[in-house]
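**Q** Test case, fold it:
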Amino acid sequence: MAKIQQRRRKQVTKSTISEAELPQKTNYVIMIAGVIVLLLGVLIMASGDAYSATAVTYAPIILFIAYCIIIPLGIIYKKKSSDSEPA
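**A** Here you go, the predicted structure:
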């Protein structure tokens with residue numbers, strides 16, 4: 001019984017996440033840029049009148065870009081590995 005538990009412990013400790021799967025500095029920079037663009041869109045929307053062109057048109061476009069392009073890009077961006085060398 002003790003041998004089985006030792007084998008299980010070894011198997012659990014061997015499973016590690018490779019460094020390529022973890023978020024890198026580039027991912028955090030892209031995410032921070034997305035948050036900054038998001039805040040810019042909210043500030044533009046809040047500063048305009050209810051019928052101003054900036055609050056009605058430009059701010060939603062900026063928010064769309066932040067929510068649907070920049071932030072997801074920061075989540076799924078992966079650096080190309082330099083392991084594969086051209087033949």
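
**Q** ok, now how distant is the residue nearest in space to the middle of the chain from residue 40?
**A** Centroid-nearest residue in the chain: residue 75, 2.3 Å away (criterion: CA atoms, centre = their mean). Separation of residue 75 from residue 40 (CB to CB, to the nearest Å): 20 Å. All C-beta spots, glycine's among them, are computed from the backbone N, C-alpha and C.

**Q** again, but for residue 66
**A** 8 Å.

**Q** higher neighbour count, the two?
**A** residue 66 (20 against 14; other CB atoms under 10 Å).

**Q** just checking, that one touches residue 32?
**A** No: between residue 66 and residue 32 there is no contact under CB atoms under 8 Å: 11.6 Å.

**Q** Helix, strand, or coil at residue 23?
**A** In three-state terms, and counting by DSSP: H, G, I helix; E, B strand; the rest coil, residue 23 is coil.

**Q** so who does it touch?
**A** Counting by CB atoms under 8 Å, 6 or more residues apart in numbering, residue 23 makes contact with nothing.

**Q** Then residue 63?
**A** So residue 63 contacts 38, 41-42, 45 (CB under 8 Å, 6+ apart).

**Q** those helices in this structure, which residues are they?
**A** 2-14, 25-47, 53, 59-65, 71-76 (DSSP state H).

**Q** Using JSON lines, please lay out these together with mean pLDDT.
**A** Output for the helices of the chain, formatted as JSON lines (pLDDT from 0 to 100):
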{"stretch": "helix 2-14", "mean pLDDT": "63"}
{"stretch": "helix 25-47", "mean pLDDT": "95"}
{"stretch": "helix 53", "mean pLDDT": "88"}
{"stretch": "helix 59-65", "mean pLDDT": "96"}
{"stretch": "helix 71-76", "mean pLDDT": "94"}
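
**Q** State the number of residues packed around residue 42.
**A** Neighbour number of residue 42 under other CB under 10 Å is 14.

**Q** Over to residue 33?
**A** Residue 33: 15 neighbours (other CB under 10 Å).
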